[in-house]
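Engineer: sequence unavailable; structure follows:
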């Protein structure tokens, strides 16, 4: 396998780096979503009890201790609970917009890395074909068969490597973006519910 990778030439280095960066981001986001979901579920359960008792000090402490985007938004709403509902919503929305960036962070990088990997694979293919045509233009020589095979091998290996990185990256990027969008919608819904409770419109 190592010899096959070497046959792709220097173009394989950035393709491999794209694969490493993509894997890091994907693993990091999976861990983030799993951990934050558990923290948010625990926060909602405890926060509902605190809000029913109108224990806002405990509710705020729970949000601060949670250390998730949802906790940050609700904490801001609780701190400004004495303001008018419109002002409270505006402050919470501003905090929500800021927190959304942490949920979606680096997801756009995955699409870029997938595109770059594909283009690098195509670039390697072009370089390999140029080498092959250069060998053929010099006529048949004793070393021509092995040199020609090496040039064609570079073209095929870089193409395969680029696609190998790009395809799973694009699939997982789409999945993680859908998870992020659902998480954001859930946050917006729950924050709205909390604001209605703080204003006394919902018990």
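Structural biologist: Received, thanks. Please read these numbers as outputs of a predicted model, since none were measured by experiment. Numbering: from 1, shown residues only.
Engineer: host element of residue 83?
Structural biologist: In the assignment (DSSP states H and E), residue 83 maps to no helix and no strand.
Engineer: dump the residue contacts of it.
Structural biologist: Contacts for residue 83 (C-beta atoms under 8 Å, 6 or more residues apart in numbering) come out as residue 91. For every residue, glycine as well, the C-beta is placed using N, CA and C.
Engineer: what about it, distance to residue 71?
Structural biologist: According to C-beta to C-beta, to the nearest Å, residue 83 and residue 71 sit 20 Å apart.
Engineer: do residue 16 as well
Structural biologist: According to C-beta to C-beta, residue 16 stands 38 Å off from residue 71.
Engineer: looking at those two, which one has more neighbours?
Structural biologist: When residue 16 and residue 71 are compared for neighbours, residue 71 comes out ahead with 21 against 16, by other C-beta atoms under 10 Å.
Engineer: neighbours of the residue nearest to the more buried one when sequence neighbours are not counted, just the number please.
Structural biologist: Nearest non-adjacent residue to residue 71, counting by C-beta to C-beta, 6 or more residues apart in numbering: residue 63, 4.1 Å away. Residues lying near residue 63 (other C-beta under 10 Å) number 25.
Engineer: residue 165 now?
Structural biologist: With other C-beta under 10 Å as criterion, residue 165 counts 26.
Engineer: so it is in contact with residue 21, correct?
Structural biologist: No - look at residue 165 against residue 21 with C-beta atoms under 8 Å: they stay out of range, at 9.7 Å.
Engineer: which residues does the residue nearest to residue 71 contact?
Structural biologist: Here residue 63 is in contact with 43, 47, 71, 72, 74, 75, 78 (criterion: C-beta under 8 Å, 6+ apart).
Engineer: which pair in these spans the largest distance?
Structural biologist: The most widely separated members of the contacts of residue 63 are 47 and 72, with 13.1 Å between them, by C-beta to C-beta.
Engineer: let me see the mean pLDDT of stretch 75-87.
Structural biologist: In this model, stretch 75-87 carries a mean pLDDT of 84.
Engineer: quick one: end-to-end distance for it.
Structural biologist: Using C-alpha to C-alpha, to the nearest Å, one end of stretch 75-87 lies 15 Å from the other.
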